[in-house]
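Enquirer: fold the stuff below for me.
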Amino acid sequence: MPTSTLLYQNFPNPFPAAGRDSTCLWFDVASTAWSSSTFLDLRGNHVRRFIPGPDFPAILPAGRYGRGASGGAVVSAIRA
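Expert: Numbers count the residues shown, from 1 in each chain. Here you go, the predicted structure:
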């Protein structure tokens, strides 16, 4: 289990780049908690909301997300 809640750098960054139209996100949640993640563009416009969303409930159990590790789900990529 992770010891702290972290949002890691997305990759590839920047995107879109060299034929890629998506980016990958990894994050760790240290303890079961209410969570929210909304992504904005540079102008502050809404791009995508992951949590809560169709793949993630508002309350996430402790675990690693985005890596496919046990205890965590795979995060969908954000498309450009």
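Enquirer: and Ser42, how far from Met1?
Expert: Rather than Ser, residue 42 is Leu. Counting by C-beta to C-beta, to the nearest Å, the gap between Leu42 and Met1 amounts to 35 Å. From N, CA and C alone the C-beta is placed, and that goes for glycine too.
Enquirer: likewise for Phe11?
Expert: For Phe11, the distance to Met1 - C-beta to C-beta - is 23 Å.
Enquirer: do the same with Phe27
Expert: In this structure, Phe27 and Met1 are separated by 14 Å, where distance is defined by C-beta to C-beta.
Enquirer: show me where the protein has strands.
Expert: 6-7, 22-23, 27-29, 33-34, 37-40, 46-51, 59-60, 63-65, 78-79 (DSSP state E).
Enquirer: pick out the residue nearest the middle of this structure.
Expert: Against the mean C-alpha coordinate of the chain, by C-alpha atoms, centre = their mean, the closest residue is Leu25 at 4.4 Å.
Enquirer: that residue contacts Asn13, doesn't it?
Expert: No: assessed by C-beta atoms under 8 Å, Leu25 is found out of contact with Asn13, at 10.6 Å.
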